[in-house]
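A.B. asks: fold the following, please.
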Amino acid sequence: MASPKVPERTLSAALIERLTSHIVADGADKTTIPAPFTGEPLATLPVSSSKDVLTAYERAREAQRAWAALPVRERVKPFLRLPDVLVERREEILDVIQLETGKARRHALEEFLDVALCTLHYARRAEKLLKPRRRQGMMPGVTRVQEMRHPKGVVALIAPWNYPFSLGASDIAPALLAGNAVIHKPDTQTCLSSLWILDLMVALGLPRDLWQIVVGDPAEVGDPLIDNADYVSFTGSTRAGRAITQRVAPRLVSYSMELGGKNPMIVLDDADVERTAKGAVRACFTNAGQLCISIERMYVHEDIYDRFVPEFVDNVKNMKLGTNLSFEPEMGSLTFQRQLDVVSKHVDQAVEQGATVLAGGKPRPDIGPWFYEPTVLADVTTDMDLCANETFGPVVAIYKFRDEKEVVATANDTEYGLNASVWTKNVARGRALAAKIQAGTVNINDGYGAAFASYDAPMGGFKQSGVGRRHGAEGLLKFTEVQTIASQHFMDLEPPGNVSFDKFADLMATGVKVMKRLRIK
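C.D. replies: Here you go, the predicted model:
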């Protein structure tokens, strides 16, 4: 079902001017970004040059020194203020996200919630995570050890276009709380939401130069951005991730990356058909499938295949598409023409080679220039591009399976390992199967949100889907250098007085046995 209503709200010139004033750029070059819902101009932005990137680093390094000197309890204050103000200004930021990305409002809401809750999680825990910790020394009572955490310095953070608010601010918060400054490069098309949260954080007390935003072509700003960083955080394609690792490797700079996925969903024979079919719609078509952790491969047990597939397909066919800035549409637009091209190519090729369209299968220019119907395909084979390559659009291929060993092997038969989903009434059975899937997160009776939004647990990818983790303690501590300080007391690590080394060696060997027996070691 379509709701071809144009957005009733736009962004004011005054708001755009205020937001774009935060871009580090000399103003010589500008670019205009379109609104995906209509294809019409949304905002004109200044574009950063390589020289602007260097300027951003100069400002950030100066600000970082003062910021790192502050106690953590002082650093957290702007972040503790943030959730309340976000709630008060919810409608404003949801409009910005929708208008720059083209996503449905219900999916923009996920970004809003992620920033509010993830930021609050780290603000509450930063002081505990970063405080000096006593560690066990070599010789109890004689060697005293302390673990210290120091900020990396200036972090380069490259955020993707599909979740610009969430995957910018919620990753930048732990980096800043750890005592770093950040040079942030959002995608040009979707930089307004990042500028909006920066503008708000400055108003809440964050030092102005601590978080710098540069906007521009990677060919112009990419090298100076990477070459001057003390740490690199990247979310995007596996191809781009490989290029970044090659660039930072000679300087031995550490990094974390969340990359691509071809995520499987497994529907076991005891799954609740109605609940699973409804959940699968969200798992596959949130943000029109432009989500690294969304489902692109669905495996349904043969015993319920003939009941599940019609239920799922009927739900998909009845989805409401639209451009409304309300919660009515269930799916919005693709963000770029290039995404529409990829989706069309994958589906058209699959159909030409024998795939069966169960729902969708075509663009919807009557709604907006880059809309594509939520699409379900059967009879997809391994020689089709859609089978193994990430489509990153509203398309899912559905397959029938017989036994669990077979489906686990098929689910794991990919270079990716980002996210997976298992549906069953028996959660213990689901957990046992989940442990066999080679993916950084596995959700049971949910598509992706249960794992992603559990901020106390790490999130990231196996294999070609990434390096390092966001969320959990690691999501903050990765932005630090760890230092061990050990002091020696009462005796040195050598024979005392006139004791021979032979006697000293015997004493130390005896000490090993004693410490084991007493469980000191």
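A.B. asks: please count neighbours and contacts with C-alpha atoms only from this point.
C.D. replies: Will do.
A.B. asks: surely residue 330 is in contact with residue 281?
C.D. replies: No. The criterion here is Cα atoms under 8 Å, and residue 330 misses it with residue 281 at 9.5 Å.
A.B. asks: what sits in contact with each of the two?
C.D. replies: Here residue 330 and residue 281 share no contacting residue, scored by Cα atoms under 8 Å, 6 or more residues apart in numbering.
A.B. asks: so, low pLDDT: which residues of the stretch 201-350 of the chain?
C.D. replies: In the prediction, the stretch 201-350 of the chain carries no residues with pLDDT under 70.
A.B. asks: any idea where the helices of it begin and end?
C.D. replies: All helices of the stretch 201-350 of the chain, identified by DSSP state H, counting those that start in this stretch, fall at 218-227, 238-248, 273-285, 302-317, 337-352.
A.B. asks: any chance of those helices in CSV, with distance to residue 57 too?
C.D. replies: Output for the helices of the stretch 201-350 of the chain, formatted as CSV (distance: least, Cα to Cα, whole Å):
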stretch, distance to residue 57
helix 218-227, 9
helix 238-248, 17
helix 273-285, 39
helix 302-317, 48
helix 337-352, 32
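A.B. asks: closest one to residue 123 among those helices?
C.D. replies: When the helices of the stretch 201-350 of the chain are compared by Cα to Cα, helix 218-227 sits nearest residue 123, at 27.1 Å.
A.B. asks: now the closest one against helix 238-248, angle please.
C.D. replies: On the basis of axes from the mean of the first three to the mean of the last three Cα atoms, to 10 degrees, helix 218-227 is oriented at 50 degrees to helix 238-248.
A.B. asks: which elements pack onto helix 218-227?
C.D. replies: Judged by 3 or more Cα pairs under 8 Å, 6 or more residues apart in numbering; DSSP states H and E, helix 218-227 is in contact with helix 50-69, helix 238-248.
A.B. asks: tilt between that helix and helix 50-69?
C.D. replies: 30 degrees.
A.B. asks: buried residues in helix 218-227?
C.D. replies: Within helix 218-227, the residues that count as buried by 16 or more other Cα atoms under 10 Å are 221, 222, 224, 225, 226.
A.B. asks: related to what we said a few turns ago, tell me the most buried of the helices of the stretch 201-350 of the chain?
C.D. replies: Ranked by average neighbour count under the criterion mean count of other Cα atoms under 10 Å, those are headed by helix 273-285 at a mean of 21.
A.B. asks: what residues does that one touch?
C.D. replies: Contacts of helix 273-285 (Cα under 8 Å, 6+ apart): 267, 294-296, 304, 307-309, 311-312, 315-316, 331, 374, 393-396, 423, 445-448.
A.B. asks: distance from stretch 101-115 to the middle of the chain?
C.D. replies: 14 Å (Cα atoms, centre = their mean, to the nearest Å).
A.B. asks: likewise stretch 153-171?
C.D. replies: On Cα atoms, centre = their mean, the centre of stretch 153-171 falls 8 Å from the chain's centre.
A.B. asks: also stretch 418-427?
C.D. replies: Taking mean C-alpha positions (Cα atoms, centre = their mean), stretch 418-427 and its chain are 20 Å apart.
A.B. asks: just stretch 127-147 next, same as before
C.D. replies: The answer for stretch 127-147 is 33 Å, by Cα atoms, centre = their mean.
A.B. asks: try stretch 46-63
C.D. replies: That offset, for stretch 46-63, works out to 25 Å (Cα atoms, centre = their mean).
A.B. asks: in that stretch, what counts as buried?
C.D. replies: Residues of stretch 46-63 classed as buried: 46-50, 52-54, 56-57, 59-61, 63 (neighbour count, 16+ other Cα under 10 Å).
A.B. asks: go on, stretch 427-442?
C.D. replies: For stretch 427-442, using 16+ other Cα under 10 Å, the buried residues are 430, 433, 434, 437, 438, 439, 440, 441, 442.
A.B. asks: would you point out the most distant pair within those residues?
C.D. replies: Those two in the buried residues of stretch 427-442 that are separated most widely, counting by Cα to Cα, are 430 and 440, at 15.7 Å.
A.B. asks: which strands and helices sit next to the lengthiest helix in the chain?
C.D. replies: Counting residues, the longest helix in the chain under DSSP state H turns out to be helix 105-130. Packing partners of helix 105-130 (3+ Cα pairs under 8 Å, 6+ apart): helix 72-75, helix 77-88, helix 90-101, helix 166-177, helix 474-477.
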